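Visitor: take this sequence and fold it.
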Amino acid sequence: MASRSQSRPRLGDLIEIRRFGYAHWAVYVGDGYVVHLAPPSEFAGAGSSSIMSALTDRAIVKKELLSQVAGSDNYQVNNKYDDRYSPLPTNKIVNQALQLVGKELRYSATSMNCEHFVTTLRYGVPCSDQVAEVTTNLTVGAGLLAGLGLIGIMLSRRRRERQ
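Guide: Have a look, this model is predicted:
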């Protein structure tokens, strides 16, 4: 991914901004601006410090320049759910986004994060593969740790039996 989008965003496009360890999401509303859901303490271009959003249960809908929100982070247009859901009309996406600017909304990293917010605007359906991926990774990681622990116990028993 380049530090600027490979394709110019169009009205209603979802913008994925790659942060350290996760992605921040926004919806393009024109003239270089995006609307996104961010914790009250987050500032434009916050980068990895915005991971603190996981510690809050409220967020503010903000309209900011894409260049400021992305800062030095990479971003791209990513309408990744278009094959699963039909996008709403562009004017509806943009109008709904703009009507929400300045509003404080409930925030949850697992059920109402910035990706859920923008996918609800674009498709009328909250989606977040990020949450599914993290859950899968945690499950796989826990399974691997349990498996390694079991192997360790078995090796330890074998050593004791040989002694």
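Visitor: and Leu105, what are its bridge partners?
Guide: Ala59 (DSSP bridges).
Visitor: and Gln76, what helix or strand is that in?
Guide: Using DSSP states H and E, Gln76 falls within strand 75-77.
Visitor: ugh, wrong one, Ala97
Guide: Ala97 belongs to helix 90-100, assigned by DSSP H and E.
Visitor: for that helix, list the C-alpha coordinates in PDB.
Guide: The C-alpha trace of helix 90-100 is given here as PDB (Å, rounded to 0.1, in the frame of the first residue of the first chain):
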ATOM      1  CA  THR A  90     -24.100   7.600  -2.800                       C
ATOM      2  CA  ASN A  91     -26.200  10.600  -1.700                       C
ATOM      3  CA  LYS A  92     -27.700   8.700   1.100                       C
ATOM      4  CA  ILE A  93     -24.300   7.500   2.400                       C
ATOM      5  CA  VAL A  94     -22.800  11.000   2.300                       C
ATOM      6  CA  ASN A  95     -25.900  12.700   3.700                       C
ATOM      7  CA  GLN A  96     -26.200  10.200   6.600                       C
ATOM      8  CA  ALA A  97     -22.500  10.600   7.400                       C
ATOM      9  CA  LEU A  98     -22.700  14.400   7.400                       C
ATOM     10  CA  GLN A  99     -25.800  14.400   9.600                       C
ATOM     11  CA  LEU A 100     -23.900  12.400  12.200                       C
END
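Visitor: elements contacting it?
Guide: Applying 3 or more Cβ pairs under 8 Å, 6 or more residues apart in numbering; DSSP states H and E, one finds that helix 90-100 makes contact with strand 22-30, strand 33-38, strand 58-65, helix 114-123. Every C-beta, even on glycine, is put in place using the N, C-alpha and C of the backbone.
Visitor: all set, thanks.
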